[in-house]
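Student: Based on what follows, work out the 3D shape:
(2 chains)
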Amino acid sequence: MPAAEIKKFIAKNFLFSDDASVVPDDQSLMSSGTLDSTGILELIMFVEEKFQVKVADEDMLPENFDSVNAIAAYIALKKQAA
Amino acid sequence: MEKSALSTAWSGGSPHSPDRVAIVDGDRVLSHGELHELVIRAAGALRSGGIEPGARVALVLESSWQYVVCYLAVMRAGAIAVPLNPAARERDLAGWVEHADATFAITDISYAAREALSAALPRSCRLLVCGGAGDPLAKPAAPVADVELPGISPDSPALILFTSGTSGSPKGVLLTHGNLQANVRGIIESLALTADDSIMAVLPFSYAYGNSVLLSHLACGARLVIQRGFGFPKAVVEAMVRERVTGFAGVPSTYALLLSRVRLENFDLSHLRYVTQAGGPMPVALTQRLMVALPGKQIFVMYGQTEATSRLTCLPAHRLAEKPGSVGLPLREVNLQIRDAAGAPCASGVAGDIWASGPNIMAGYWRNPGATAEALRDGWLRTGDVGRLDDEGFLHIVGRRSDIIKVGSHRVHPQDVEQVLAELADVSECAVVGVDDEILGEVIKAFVVRSQDSPLQELQVKRHCLERLAAYKVPKYVEFVAQLPRTSSGKVQRSVLQNPQETS
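Tutor: Model prediction:
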């Protein structure tokens, strides 16, 4: 499940916790202060590597990456298209 | 400058056509006239709410139209604005408020840590919430009879910008209205700004560079397009196209992000006239990539520091190609000297300490006479940077003496992080340094000596820091070591930690 993997990654790398449940599913990661500008980039690199999707520059937008659910939906869409 | 001109200067560009747009912040658009009215009204509300001239008012606000109004209103009311980084944790925020002895703090209803902030503030400080309790922006129920606003002179203190956390010796740079005016004059002249300009403002207003962008553009009647942060560079570029901005200001990491994630040639940036870069040295290779990505645009490389109201030098855009690595010439009212360790002037081309004087040099560090005496000597500022002047008088930065770590647009004093690390029971010794990072320039690395048999792990260390420090201050790397390298006098050798191959 991409969502679970993403939450684990965020918990470990940005909240420094082994407990993935601390990461909300549908909250803005930027405005909640969980991620900053470079955090988003690290997250995108993780998504590219882990799920073998290429994130095009034009896809790097808040609607695709600003919440766990949005990222999971984006990955599903890319996988479907592939 | 005349007193009357000064006291109206910060109320939103009133001398300019009031119908021109001053601020675009998402859906909120304010003309210069509207901004002026809001500022005067808020200044009156602050005065009648008990804010005296010279009082300190902390601003815990994201870059926003509310920030601009509150900031200008505090200064217009004759009080001293103390902008604080809203990403900081309560312990730093409360420490700054306490050191500034601020009697009021202003935040916004949207600020997530509002309750924690309220609980952490000293009792002597009252919290006003934009959109909430004590809203300084609220329309008064009855028209406030013209509250008399104080006259402001160039020597009046205007602003305190903290350049370090509150451990050890907090450094709050105290800037006067005259300092701010000098910076505005210097920037308007260097960039040839006019009322037709508009800038994409992504840098935080609570830092010297962002503050300079804010004031210099409003003062000449130009337009600010506010965008919080740079997490989605492409969204920012799209907004630049949509808003037809003529200018952009960034630090090296902004440009590294921009060039790595956005193909600028795919965007219609025909309105863009200039971009500025300051906030630390940018690798020449990156500047050259920027020149290729933005053909025909004016690129201004600049240098300065908070203590100099952000700006000391600017490299004229048309000299960029022939002066790679230089940060340019002193602004017109700034004098620079390169001096040796004994304080004597160095010969042309010889590297030494960079000293500066001019009307933009700070009044001193707020309530820190020791640090002020260290930095200011006979009207000259000792920058702490090392540089040389070439035969045409262009400055080249060779290094810096201080330990400050530059993480993106942020400044981090190692002591602030070390203090927090040392509070972990299992840490017997620690030292923090900056290590190179491709995007951010530098990131933080902590070296930790654990107490014997301690099971302390990297994640615990980072979590402990995150609970107490702004995210950008949390070490990206933690290395556990048996001991720290020290000089014979016992001082930690940071340079050895930074460059392990170096032996000294």
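
Student: Could you list the low-pLDDT ranges of the stretch 401-504 of chain B?
Tutor: Applying pLDDT under 70 to the stretch 401-504 of chain B flags residues B:401, B:501-504.

Student: cutoff 80 now
Tutor: Along the stretch 401-504 of chain B, the model assigns pLDDT under 80 to residues B:401-402, B:487-491, B:499-504.

Student: Flag every residue of it that's near chain A.
Tutor: Contacts of the stretch 401-504 of chain B with chain A, taken as C-beta under 8 Å from any C-beta of the partner chain, map to B:408, B:439-440, B:459-460, B:462-463, B:466, B:471-472, B:474. (Each C-beta comes from the backbone N, C-alpha and C, glycine too.)

Student: Go through the longest helix along chain B and flag the buried ones.
Tutor: The residue-count maximum for a helix in chain B (DSSP state H) belongs to helix B:32-48. Across helix B:32-48, burial judged by 16 or more other C-beta atoms under 10 Å in any protein chain shown covers B:32-47.

Student: For the spatially most central residue of chain B, give me its contacts.
Tutor: Centroid-nearest residue in chain B, with C-alpha atoms, centre = their mean: B:Tyr207, separated by 1.9 Å. B:Tyr207 sits next to B:85, B:161, B:306, B:409-410 when contact means C-beta atoms under 8 Å, 6 or more residues apart in numbering or on different chains.

Student: Neighbours of B:Tyr255, how many?
Tutor: Neighbour count for B:Tyr255, taken as other C-beta atoms under 10 Å in any protein chain shown: 24.

Student: May I have the residues that are in contact with it?
Tutor: Taking C-beta under 8 Å, 6+ apart, we find B:Tyr255 in contact with B:277, B:282, B:286, B:290.

Student: Same check on B:Leu469?
Tutor: B:88-89, B:92, B:416-417, B:420.

Student: can you check B:Ala431 too?
Tutor: The contact partners of B:Ala431, by C-beta under 8 Å, 6+ apart, come to B:414, B:418, B:446-447, B:484, B:492, B:494, B:497.

Student: Among these, pick out the one closest to chain A, please.
Tutor: In terms of C-beta to the nearest C-beta, no member of these lies closer to chain A than B:Ala446, at 12.9 Å.

Student: Run a quick neighbour tally on that closest one.
Tutor: B:Ala446 has 26 neighbours, counted by other C-beta under 10 Å.

Student: and it, which of the three is it?
Tutor: Assigned by DSSP: H, G, I helix; E, B strand; the rest coil, the conformation of B:Ala446 is strand.

Student: Quickly find the element holding the closest residue to it other than its chain neighbours.
Tutor: Ranked by C-beta to C-beta, 6 or more residues apart in numbering or on different chains and with sequence neighbours excluded, the top spatial neighbour of B:Ala446 is B:Pro475, at 3.9 Å. Using DSSP states H and E, B:Pro475 sits within no helix or strand.

Student: wait, doesn't B:Pro475 sit right on B:Val417?
Tutor: Yes - if you go by C-beta atoms under 8 Å, B:Pro475 and B:Val417 touch, sitting 6.7 Å apart.

Student: Now the common contact residues for the two.
Tutor: The contact sets of B:Pro475 and B:Val417 overlap at B:432, B:444, B:446, B:465 (C-beta under 8 Å, 6+ apart).

Student: so which of these comes closest to chain A?
Tutor: In terms of C-beta to the nearest C-beta, no member of these lies closer to chain A than B:Cys465, at 8.2 Å.

Student: Go ahead and confirm that closest one touches B:Lys473.
Tutor: Yes - at 7.0 Å, B:Cys465 counts as touching B:Lys473 under the criterion of C-beta under 8 Å.

Student: which residues do those two both contact?
Tutor: Applying C-beta under 8 Å, 6+ apart, one finds that B:Cys465 and B:Lys473 are jointly contacted by B:Val417.

Student: Could you find the closest non-adjacent residue to B:Cys465?
Tutor: Counting by C-beta to C-beta, 6+ apart, B:Val474 is the residue found nearest to B:Cys465 once chain neighbours are left out, at 4.4 Å.

Student: what sits against that neighbour?
Tutor: A:16, B:444, B:462, B:465-466.

Student: Report the buried residues of stretch B:279-290.
Tutor: Neighbour-count burial for stretch B:279-290, with 16+ other C-beta under 10 Å as criterion, is recorded at B:279-282, B:286-287, B:289-290.

Student: which outside residues touch that stretch?
Tutor: Here stretch B:279-290 makes contact (C-beta under 8 Å, 6+ apart) with B:203, B:209, B:250-252, B:255-256, B:259, B:275, B:277, B:299, B:301, B:320, B:324-325, B:327, B:397, B:406, B:409, B:441.

Student: what mean pLDDT does it have?
Tutor: Averaged across stretch B:279-290, pLDDT comes to 90.

Student: same thing with stretch B:375-383?
Tutor: The pLDDT scores in stretch B:375-383 average 95.

Student: count of neighbours near the closest residue to B:Ala293 other than its chain neighbours?
Tutor: Of all residues not flanking B:Ala293 in the chain, B:Leu264 sits nearest, at 4.7 Å (C-beta to C-beta, 6+ apart). Using other C-beta under 10 Å, B:Leu264 is surrounded by 18 other residues.

Student: check contacts around B:Leu264.
Tutor: B:237, B:258, B:293-294.

Student: Go through those and flag which are in helices.
Tutor: Within those, residues falling in helices by DSSP H are B:237, B:258, B:293.

Student: Neighbour count, pLDDT and distance to B:Leu180 for those residues - can I get that in JSON lines?
Tutor: Converted to JSON lines, the ones in helices among the contacts of B:Leu264 look like this (neighbours: other C-beta atoms under 10 Å in any protein chain shown; pLDDT from 0 to 100; distance: C-beta to C-beta, whole Å):
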{"residue": "B:Val237", "neighbour count": "21", "pLDDT": "95", "distance to B:Leu180": "30"}
{"residue": "B:Leu258", "neighbour count": "23", "pLDDT": "90", "distance to B:Leu180": "29"}
{"residue": "B:Ala293", "neighbour count": "16", "pLDDT": "96", "distance to B:Leu180": "33"}
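
Student: contacting residues for residue 69?
Tutor: All of this refers to chain A. Residues counted as contacts of A:Asn69 (C-beta under 8 Å, 6+ apart) are A:3, A:25-26.

Student: oops, I was thinking of chain B
Tutor: Applying C-beta under 8 Å, 6+ apart to B:Val69 gives the contacts B:35, B:38-39, B:42, B:137.

Student: Include distance to B:His217 and secondary structure when you put the contacts of B:Leu469 into JSON lines, please.
Tutor: Formatted as JSON lines, the contacts of B:Leu469 follow (distance: C-beta to C-beta, whole Å; DSSP: H, G, I helix; E, B strand; the rest coil):
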{"residue": "B:Ala88", "distance to B:His217": "26", "secondary structure": "coil"}
{"residue": "B:Arg89", "distance to B:His217": "31", "secondary structure": "coil"}
{"residue": "B:Asp92", "distance to B:His217": "29", "secondary structure": "helix"}
{"residue": "B:Asp416", "distance to B:His217": "31", "secondary structure": "helix"}
{"residue": "B:Val417", "distance to B:His217": "34", "secondary structure": "helix"}
{"residue": "B:Val420", "distance to B:His217": "37", "secondary structure": "helix"}
